[in-house]
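K.L.:
model this:
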Amino acid sequence: MLSIYNYMASGVLLSGIVALLFATTGMAAAVFGTPLRWLVALAPLGFVMVMSFGVNRLSTAAMQGLFWAFSVVMGMSLSAIFFVYTGPSIAVTFFATAGAFAGLSLFGYTTKKSLSGMGSFLIMGLFGILIASLINIFLRSPGLAWGISFLGVLIFAGLTAYDTQRLKETYAQVAGTDFVGKAVVLGALTLYLDFINMFQFLLQFMGDRR
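P.N.:
This next block holds a predicted model:
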């Protein structure tokens, strides 16, 4: 599990550095003012799908390379938050998310109670907020946006604990096998997504808009 946490933390750090550089050097403003913004926004999803569905065909080295490339592209996508929120509020929200994530992941790792029953409800909730988000693109309802963000924080808080326990069990099963390297990368990707999504939803409440 330590390898998973190391990869995940390194990926988040890399994304943060890329996001800051992309926003402060003017590259983000140049890209987001062109159709390339759609490529930057959608590319992370492409990486996730390739890694998730291609894990059995890809080598461990390829999975690792894709994870680092994903972290870079995700940083480019996240750079947009620097145009919406102030730097200090982004930093405060990041550290608040880090603290919450650490506590929730520790709970998932140490609890003796099975969290498997939470999985289906959390996935259903995740699909629910995705559908609601698509609907709100057209409605532009502040109230619905607030509700989506509130539920998003709760869902990804639950997923952090649930995924940690699931990854702990999976890692124990594949330890010592050829698949362990790929399992580490997939586990890091899972926890990375839990962290980043919780951060983005918390930013809706804690971020100070420019």
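
K.L.:
could I get the contacting residues of the closest residue in space to residue 82 that isn't next to it in sequence?
P.N.:
Here the nearest residue to residue 82 in space, its sequence neighbours aside, is residue 23; by Cβ to Cβ, 6 or more residues apart in numbering that works out to 3.8 Å. The C-beta positions use only the backbone N, C-alpha and C, and glycine is treated the same way. Applying Cβ atoms under 8 Å, 6 or more residues apart in numbering, we find residue 23 in contact with 79, 80, 82, 83.

K.L.:
residue 23: what secondary structure?
P.N.:
Following DSSP: H, G, I helix; E, B strand; the rest coil, residue 23 is assigned to helix.

K.L.:
where in the chain is the helix or strand with the lowest mean pLDDT?
P.N.:
helix 27-32 (a mean of 89; mean pLDDT, DSSP states H and E).

K.L.:
the helix or strand just after that one packs against which elements?
P.N.:
Sequence-wise, the next helix or strand downstream of helix 27-32 (DSSP states H and E) is helix 36-53. In terms of contacts (3 or more Cβ pairs under 8 Å, 6 or more residues apart in numbering; DSSP states H and E), helix 36-53 is packed against helix 27-32, helix 60-78, helix 180-206.

K.L.:
helices and strands around the least confident helix or strand of the chain, which ones?
P.N.:
helix 2-24, helix 36-53.

K.L.:
need those helices in JSON lines with distance to residue 94, can you?
P.N.:
Formatted as JSON lines, these follow (distance: least, Cβ to Cβ, whole Å):
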{"stretch": "helix 2-24", "distance to residue 94": "8"}
{"stretch": "helix 36-53", "distance to residue 94": "18"}
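
K.L.:
quick one: neighbours of the residue nearest to residue 78 when sequence neighbours are not counted, just the number.
P.N.:
Distances taken as Cβ to Cβ, 6+ apart place residue 19 nearest to residue 78, at 4.4 Å, with adjacent residues excluded. Look at residue 19: counted by other Cβ atoms under 10 Å, it has 22 neighbours.

K.L.:
could you do the one 10 residues further on as well?
P.N.:
Applying other Cβ under 10 Å, we find 12 residues neighbouring residue 29.

K.L.:
roughly how far apart are residue 148 and residue 176?
P.N.:
Relative to residue 176, residue 148 is positioned 42 Å away (Cβ to Cβ, to the nearest Å).

K.L.:
between those two, tell me which one has more neighbours.
P.N.:
Neighbours per residue, other Cβ under 10 Å: of residue 148 and residue 176, the larger number sits with residue 148, 21 against 7.

K.L.:
quick one: the strand or helix carrying the more buried one to helix 2-24, angle?
P.N.:
Taking DSSP H and E as the definition, residue 148 sits inside helix 142-174. Interaxial angle, helix 142-174 versus helix 2-24 (axes from the mean of the first three to the mean of the last three Cα atoms, to 10 degrees): 140 degrees.
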